[in-house]
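Visitor: using only what follows, build the 3D model:
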Amino acid sequence: MRKSRALYAAAGTALLSSLAVACGSGGGAGGAGHKAFDPKDYRGGTLTVLNHNDQGHFDPARLYTSGGGKIPTLVFRTLTTRDHTTGGPEGAKPVPDLATDTGTPSDGARTWTYHLKDGLTYEDGTPIKAQDVKYGIERSFAPELPGGAPYLRDWLVGGEDYQGPYKGGELDSIVVPDDRTIVFHLRKPEGDFPYLATATQFAPVPKAKDTGVNYEKHPVSSGPYKVVSNDQGRTIVLARNPHWSQKNDDQRLAGPDRIVVQSGLDQSVINQRLAASSGADARAVTTDTNIDASVLAKLNGPQGLKDRVATGFFGETWYLAFNTKAKPFDNQKVREAISYAVDRRSVVNAVGGTAVAKPATTFLPDQKAFGYTPYDYFPGGASGDPAKARKVLAEAGYPNGLTITLDHTTSAGDGNGPEVATAVQEALKKAGITVRLHASESNDYAEKTQKPATEPGLFLQSWGADWPSGGPFLAPVFDGRQILKGGGNYNASQLDDPKVNAEIDAINKLTDPEAAAARWGRLDAELGKRALTVPLYHPVYKRLFGKDVTNTYVSQWNGLYDLSRISVK
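Guide: Residues are numbered from 1 along each chain as shown. So this is what the prediction gives:
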């Protein structure tokens, strides 16, 4: 899978840069004093969303997101979505949205069939048809509309060469036998297809209303809200869609009458406004800004802020990436020595402390849905084991130590930035490893680290889940067939092991998520023995909400407020 970093630039970077000193079980509602949700009194008012990052493109073809309760979920319904009705681990699983079920597999999970619910309509009252879902997906292949999740190009028969409906006609591997049935024919078995069907590319688009690159100015709503205005993603105003019916949408409560999204705000200002909770800010939340040090210091104060913090966990891992084609990192013993030497406590402190980060020894996040299997093959304790690292380094052929270079970004507060790099440098120095730091601007860094020809030997990296399963976590990083020479490569180790590739294919055939999760966990544990990465930490989200906001449910798998459930007084 060729994975866009846009999702993580918005989620992970915002988390860390907001601290400037900084999707297991998830957060649930706010603090202990948080008002219980009353289903009899949740409609009305205006919810304000205060964000640092712009929403960006608002065309379902160009969005890299899925049904986790973010802003697009309010406008675009898809064949399946996350379970918005539960705060437990079940909330990570796909459930029917436009479709009557999560899909019927056949031909060994190479074919998936969906049927639409009765009575589905757009914001103008016209019916939603299966042909519209097909057309919406086909648009996502158009080179004029880049940015969406790339899986369909890899998975659908003929997808690799298809150029979208504007130039390439229809995609024959999506079949619509009638107005309510849609059938997908895949090149290979994909048991995770119901997860992919939560992506916004599966939102219906009426062909007659398609205006190409201008469609994002007024996309036609299939959800509970319609777009009133959109200032290029900086300010978005949503109002109720009068033709949406909760009778065929049991996932979205759609409490507020209006939702106003204000972006481009300084993160410290967002926290100040939410803490003060005056005027409209009393009915405000943020979906991309973590609490900062000033809020942490006041949590137990008289303002009652601790009762207005929601906590969530996103399935993401920040780690040291090795290019095993570059010396000395082609030597596994060198990689093991670095693994022993790393001081995870100092790394966690560098990104803000244990309130916002948990030390990691596994590549898969510590959440059941991913198949998390605990392991720590190179235990250094909380602060590293430099003596063990020196011993292993001598076994590698470097009894007098070693000098290496660590690449990182110039972005202060970024998990790939100078604070974390310095923490790693200081820890490895104790083990006799001299680390030279080499910094690059974020865009240059991404281009350099994602191309094998220019990839450094050792660099800071992160990976997050497109959906809560081990497949989109392990395959892009360890499947040798996904090594991309021209760029956009995330298999930093450049591992191409036929046995690993075959196991990935075998797990993808499974349509039982629990059975697949167990296999992904075992594969992660086997890969961990090779020291192909050094996992550093998993992020924790802690975000304020206004004093008049209720039902602040945090999505179980991505750590964000579920805007489809939130209400205001």
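
Visitor: after whichever helix in the chain runs longest, next one along is what?
Guide: In the chain, taking DSSP state H as the definition, the longest helix is helix 513-528. Scanning forward in sequence from helix 513-528 by DSSP states H and E, the next helix or strand is strand 533-544.

Visitor: quick one: that following strand to chain centroid distance?
Guide: 12 Å (CA atoms, centre = their mean, to the nearest Å).

Visitor: picking up where we left off before, just the residues contacting the longest helix of the chain, thanks.
Guide: 93, 191-192, 362-364, 368-373, 375, 377, 469-471, 473-474, 478, 500, 503-504, 506-507, 510 (CB atoms under 8 Å, 6 or more residues apart in numbering). Heads up, the C-betas are built off the backbone N, CA and C, glycines and all.

Visitor: can you rerun that using 7 Å?
Guide: Outside of helix 513-528, the residues within contact range by CB atoms under 7 Å, 6 or more residues apart in numbering are 93, 191, 362-364, 368-373, 375, 377, 469-471, 474, 478, 503, 507, 510.

Visitor: inside helices: which ones of the residues you listed?
Guide: 471, 474, 478, 503, 507.

Visitor: separation between the last one and residue 514?
Guide: Distance of residue 507 to residue 514, computed by CB to CB, to the nearest Å: 12 Å.

Visitor: likewise the first one?
Guide: Distance, residue 471 to residue 514, by CB to CB: 14 Å.

Visitor: of the two, who's got more company?
Guide: Applying other CB atoms under 10 Å to residue 471 and residue 514 shows that residue 471 carries more neighbours, namely 29 against 10.

Visitor: I figured the more buried one hits residue 510, correct?
Guide: No. If you go by CB atoms under 7 Å, residue 471 and residue 510 don't touch, sitting 9.7 Å apart.

Visitor: span of stretch 166-175 from start to end?
Guide: 18 Å (CA to CA, to the nearest Å).

Visitor: quick check: mean pLDDT across stretch 296-311?
Guide: Average pLDDT, stretch 296-311: 84.

Visitor: now that stretch: buried residues?
Guide: 296, 299, 305, 308, 309, 310, 311 (16 or more other CB atoms under 10 Å).

Visitor: nearest to residue 553, of those residues?
Guide: residue 310 (8.0 Å; CB to CB).

Visitor: can you read off the pLDDT for residue 2?
Guide: 33.

Visitor: show me where the stretch 51-200 of the chain has its helices.
Guide: For the stretch 51-200 of the chain, the helices defined by DSSP state H, counting those that start in this stretch occupy 130-139, 151-155, 165-168, 193-196.

Visitor: which of the ones you listed sits most buried?
Guide: helix 193-196 (a mean of 26; mean count of other CB atoms under 10 Å).

Visitor: tell me how far it is from the chain's mean position?
Guide: Using CA atoms, centre = their mean, the offset of helix 193-196 from its chain centre is 15 Å.

Visitor: average pLDDT across that helix?
Guide: Computed over helix 193-196, the average pLDDT equals 94.

Visitor: residue 118 and residue 70, how far apart?
Guide: From residue 118 across to residue 70, the span is 27 Å (CB to CB).

Visitor: tell me which of these two has more neighbours.
Guide: Taking neighbours as other CB under 10 Å, residue 118 and residue 70 compare with residue 70 leading, 24 against 10.

Visitor: residue ranges of the helices in the stretch 351-500 of the chain, please?
Guide: 386-395, 418-429, 442-449, 471-478, 498-508.

Visitor: adding distance to residue 232 and mean pLDDT, write those out as CSV.
Guide: Formatted as CSV, these follow (distance: least, CB to CB, whole Å; pLDDT from 0 to 100):
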stretch, distance to residue 232, mean pLDDT
helix 386-395, 50, 98
helix 418-429, 32, 97
helix 442-449, 20, 89
helix 471-478, 29, 93
helix 498-508, 38, 95
